[in-house]
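Peer 1: here is the input, now give the coordinates:
(chains A, B, C, D, E and F)
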4 protein chains.
Amino acid sequence: MGKGIRTFSSNEGLVSERREHIAKSVAPLFVRKGYGQTSIREIAKACGMSMGHLYYYIGGKEDVLQIMMDYDLHFYVNLVKKIISSSRSLSPTEALIQVIDQFFRATDAAGDFTLFFYQETKNLQPDARKIIMDRERSLVLEFEKLLYRGCQTGEFQIDSIPLVANNIVITGHMWALRRWLLGKICSLDDYIQCQTDYVLKSIASGKKTVLASNKV
Amino acid sequence: MGKGIRTFSSNEGLVSERREHIAKSVAPLFVRKGYGQTSIREIAKACGMSMGHLYYYIGGKEDVLQIMMDYDLHFYVNLVKKIISSSRSLSPTEALIQVIDQFFRATDAAGDFTLFFYQETKNLQPDARKIIMDRERSLVLEFEKLLYRGCQTGEFQIDSIPLVANNIVITGHMWALRRWLLGKICSLDDYIQCQTDYVLKSIASGKKTVLASNKV
Amino acid sequence: MGKGIRTFSSNEGLVSERREHIAKSVAPLFVRKGYGQTSIREIAKACGMSMGHLYYYIGGKEDVLQIMMDYDLHFYVNLVKKIISSSRSLSPTEALIQVIDQFFRATDAAGDFTLFFYQETKNLQPDARKIIMDRERSLVLEFEKLLYRGCQTGEFQIDSIPLVANNIVITGHMWALRRWLLGKICSLDDYIQCQTDYVLKSIASGKKTVLASNKV
Amino acid sequence: MGKGIRTFSSNEGLVSERREHIAKSVAPLFVRKGYGQTSIREIAKACGMSMGHLYYYIGGKEDVLQIMMDYDLHFYVNLVKKIISSSRSLSPTEALIQVIDQFFRATDAAGDFTLFFYQETKNLQPDARKIIMDRERSLVLEFEKLLYRGCQTGEFQIDSIPLVANNIVITGHMWALRRWLLGKICSLDDYIQCQTDYVLKSIASGKKTVLASNKV
DNA sequence: CATGAATGAGGTTTCATTCAT
DNA sequence: TATGAATGAAACCTCATTCAT
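Peer 2: Numbers count the residues shown, from 1 in each chain, chains lettered A, B, ... in the order given. Below is the predicted model:
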């Protein structure tokens, strides 16, 4: 974890282990108080370490942010990967419906982190930001693969797959970013339902889908 | 401007004027460095005021954020209102196309501010946040009116007007929030084109629109 | 009032009038918040003047303290003088009893000011402090005169008149300074009763006094 | 020392030690300049600490005042306790004479602190003020015990023991508070002599005391 | 490996005083 | 006379980071 981050230890395994521990410990703190408002003292306390010891595994406060973001994003992306791969046996349309459903719910569950991600990425150094953004990009890629499958079967007709993939991700994230507003309009269930329809309508090819009709 | 914010002056006009000046002066600074990373000293300098004088018109650093956000959002919302009202003579479909185009371009122009808005709203006190969010809500409302017009003419068929209005706003904002990713996929022109199609497809009623026919 | 304090006005009468106004206006503010915690802005507001105008009649913040103390002490000393002179027709012992009673009650009424006086004298410049202390000294002098009368009639037998005079003043002040403690022991009435006895016992000559016994 | 005051250290012994050091270092500074006129920078310097380090052991400037007052008052009260208990073998009258003598001299020696105490208690928060005042109360209590002993032996005849105890304490304090005036009337030796007489006269029972007889 | 006392620059805020109007 | 906008030094306090133990 966190290659390139300064450490005084030469035991790579231990460093990885401790950094994972840091990532897990610090997440609720960061999400609740914000990165800027959290002090090193609080971080160390949350990690059950002394400040000096914390600096044994990191180079500076920023590194804690990077480690935490990297870890959480890694976790989040893996979750999405699992969701998508577990739908591989379904038809693209059905898979998309299910993936959107689960992705939106996962994003809702990690809602505060999603917001945190948009808010605090700016506090990362360019290098660290690149790493985080690569992970984010890989998230979109997963959706692209799914959409691509639908295009090949002819169920979807899409001009720009990356853009549609982005739209799906964005729409999920927006539930987290604007829940204060969207929550007044509809429930998460409604939101998922509507947005799924919205997406399907816009990418549906004329070709009959295998969806509901086959189920009967 | 900024009713409820402490000032030592009883000259309302002057206070308004100075606060507008502050809002304008501080915007580029905030957008570039972030609210938390900008010191009062820098703010005062950017405003061409002494620190003491700055505090003559505000109650604390937070107020500068509120004033700036309120001002910029006010400006932005007014722009959108103008865009929408100037399209009143067009058919709903044509109006939507044009409004999306101009809204996305305006959002792109104010791109850094849009990102700033999502990042820094958390630093406002509940009272101030409410004011800002009310303005944001009024933005969505403008789009709702336009969509409603389209539903009445029968050109649009929409389950949840607020949700579609939100989606349009969101999609515009996302160009600002994720330009680092979207910029690699397509240009702003492409983005507008695709997203417009995307929206229209999903809300098109079967009824023939006046659009295509006129183009011929 | 406040000779030697800088003013830009050459109209002596006006200056005196304004300073008296300042003294009266500022007293409750000072007593409530303390001198150090009261700002010039608050002082000016309490006086119904602008800050600039206030500085037309004073040389600095300290002068406000001096003016206020001088005025209040002047008022207080005059009160005591009246009390003492109005008892001139009584026998020294009876006079003392009555004077102590009224002096203690007056001090109790001005209790916060008495405390303020002990707390804030240190904030005066040496010159100003001398003026204030001279007034304070004149207070003790009034009691000395009364005691002296009693010694001449033979009712009192006192080694050091100034000391006894001081003790009386001190005992009165202490009710104000330590009301938080004394208030738990007894009421003001009790306090007056006991302290009067205490004083009388300690200065009584063997000679029969004209007191209560004669009254019957 | 100073339970309830924020510290970043969990080493109680160290905290106590440092706070005692702070109390000792800051006393002459506070007494000379007053609490309000002494800056944190000066306090830190007087303690031989950096400002940051000072704040490692205290929560705010006020805490320094509390710590210092508590420490000095503790010291002062202990001194009085020692004085009183060391006179236990004497007759109440002789004990009182000796205790007053030593108490007044001790108060004179700590004169500036006594004045400081009356001036600056107002700057404490209610909680801290209570602590300080409890200590002050315990001071009076020591005198009450002594007076009580005298009443039991029949040497003293006192209506209100607490009040007489207070008067003794007050008279001692007054030498400190009004030395600028009293110093012109008599020396400390004279003051002690007179005030002792004054007290004894007012509490003497008719019963012959063991005092004079023993002297012969 | 581990601790936490120590640093000091820099943060936000206040306020007595002046001066152009 | 009268106003109050403007100044800027100095106040209190925080915190990322280091280093002796």
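Peer 1: hey, let's count contacts and neighbours off CA atoms from now on
Peer 2: Will do.
Peer 1: interface residues of chain A facing DNA strand E?
Peer 2: Counting by CA under 7 Å from any atom of the strand, the residues of chain A close to DNA strand E are A:S9, A:N11, A:L14, A:M49, A:S50, A:M51, A:G52, A:H53, A:L54, A:Y56.
Peer 1: which helix or strand contains the most centrally placed residue in chain A?
Peer 2: Central residue of chain A (CA atoms, centre = their mean): A:Y76, 4.4 Å from the mean position. Secondary structure assignment for A:Y76, by DSSP states H and E: helix A:61-85.
Peer 1: can you give me the pLDDT of whichever residue of chain A sits closest to chain B?
Peer 2: Residue of chain A nearest chain B, by CA to the nearest CA: A:Q119 (4.1 Å). pLDDT recorded at A:Q119 is 94.
Peer 1: what about it, how many neighbours?
Peer 2: As a burial measure, A:Q119 scores 21 neighbours (other CA atoms under 10 Å in any protein chain shown).
Peer 1: which residues touch it?
Peer 2: By CA atoms under 8 Å, 6 or more residues apart in numbering or on different chains, the contact list for A:Q119 reads B:Y118, B:Q119, B:E120.
Peer 1: if we can go back for a sec, how close does the residue nearest to the centre of chain A sit to A:L124?
Peer 2: 19 Å (CA to CA, to the nearest Å).
Peer 1: can you check A:F8 too?
Peer 2: Distance from A:F8 to A:L124, counting by CA to CA: 22 Å.
Peer 1: pretty sure A:E144 is touching A:N167, no?
Peer 2: No: at 10.8 Å, A:E144 does not count as touching A:N167 under the criterion of CA atoms under 8 Å.
Peer 1: give me the pLDDT for the closest residue to A:F8 other than its chain neighbours.
Peer 2: Among residues not flanking A:F8 along the chain, A:Y56 sits closest, at 5.4 Å (CA to CA, 6 or more residues apart in numbering or on different chains). Here, the pLDDT recorded for A:Y56 equals 96.
Peer 1: over to A:S205?
Peer 2: 82.
Peer 1: contacting residues around A:N123?
Peer 2: A:E62.
Peer 1: correction: the previous question concerned A:K145.
Peer 2: Not one residue lies near A:K145 by CA under 8 Å, 6+ apart.
Peer 1: check the gap between it and chain C for me.
Peer 2: Applying CA to the nearest CA, to the nearest Å, the value for A:K145 to chain C is 68 Å.
Peer 1: now A:R179
Peer 2: Taking CA to the nearest CA, one finds A:R179 at 45 Å from chain C.
Peer 1: tell me, how many residues neighbour that residue?
Peer 2: So A:R179, with other CA under 10 Å, has 17 neighbours.
Peer 1: and the next helix or strand past the helix or strand that contains A:I132?
Peer 2: Using DSSP H and E, A:I132 sits within helix A:126-153. Where DSSP H and E defines the elements, the next helix or strand beyond helix A:126-153 is helix A:161-177.
Peer 1: between that following helix and helix B:161-177, what angle do the directions make?
Peer 2: Following axes from the mean of the first three to the mean of the last three CA atoms, to 10 degrees, one obtains 110 degrees for the angle between helix A:161-177 and helix B:161-177.
Peer 1: could you find the closest non-adjacent residue to A:R137?
Peer 2: Residue nearest to A:R137 in three dimensions, not counting chain neighbours: B:L181, with 7.4 Å by CA to CA, 6+ apart.
Peer 1: I'd guess that neighbour is in a strand, am I close?
Peer 2: No: looking at B:L181 with DSSP: H, G, I helix; E, B strand; the rest coil, it is helix, so not inside a strand.
Peer 1: was I right about it contacting A:E136?
Peer 2: No: with contact defined as CA under 8 Å, B:L181 does not reach A:E136; the gap is 9.1 Å.
Peer 1: how many neighbours does the residue lying closest to A:D72 once chain neighbours are set aside have?
Peer 2: In space, A:D72 comes closest to A:A23 once its chain neighbours are excluded; the distance is 7.8 Å by CA to CA, 6+ apart. Counted with other CA under 10 Å, the neighbours of A:A23 add up to 22.
Peer 1: just checking, A:A23 is part of a strand?
Peer 2: No: counting by three-state DSSP, A:A23 is not found in a strand; it is helix.
Peer 1: find the closest residue to DNA strand E in chain A.
Peer 2: A:G52 (2.8 Å; CA to the nearest atom of the strand).
Peer 1: number of nearby residues for that residue?
Peer 2: With other CA under 10 Å as criterion, A:G52 counts 10.
Peer 1: ok, it to A:K3 distance?
Peer 2: 20 Å.
Peer 1: equivalent analysis for A:Y118, please.
Peer 2: For A:Y118 relative to A:K3 (CA to CA), the value is 23 Å.
Peer 1: how about A:A44?
Peer 2: Relative to A:K3, and taking CA to CA, A:A44 is found at 21 Å.
Peer 1: more neighbours, the two?
Peer 2: Neighbour count, other CA under 10 Å: between A:A44 and A:K3, A:A44 has more, with 19 against 9.
Peer 1: ok, the more buried one to DNA strand F distance?
Peer 2: Distance of A:A44 to DNA strand F, computed by CA to the nearest atom of the strand, to the nearest Å: 9 Å.
Peer 1: which stretches of chain A have low pLDDT?
Peer 2: Chain A contains residues with pLDDT under 70 at A:206-216.
Peer 1: who in it is up against chain B?
Peer 2: Residues of chain A lying near chain B by CA under 8 Å from any CA of the partner chain: A:36, A:118-120, A:137, A:159-160, A:162-163, A:167, A:170-171, A:174, A:177, A:181-182, A:185, A:194, A:198-199, A:201-202.
Peer 1: return the member of the residues of chain A next to DNA strand E nearest to chain C.
Peer 2: A:M51 (38.9 Å).
Peer 1: my guess is that closest one meets A:S39, correct?
Peer 2: No: applying CA under 8 Å as the test, A:M51 and A:S39 come out as separate, 10.5 Å apart.
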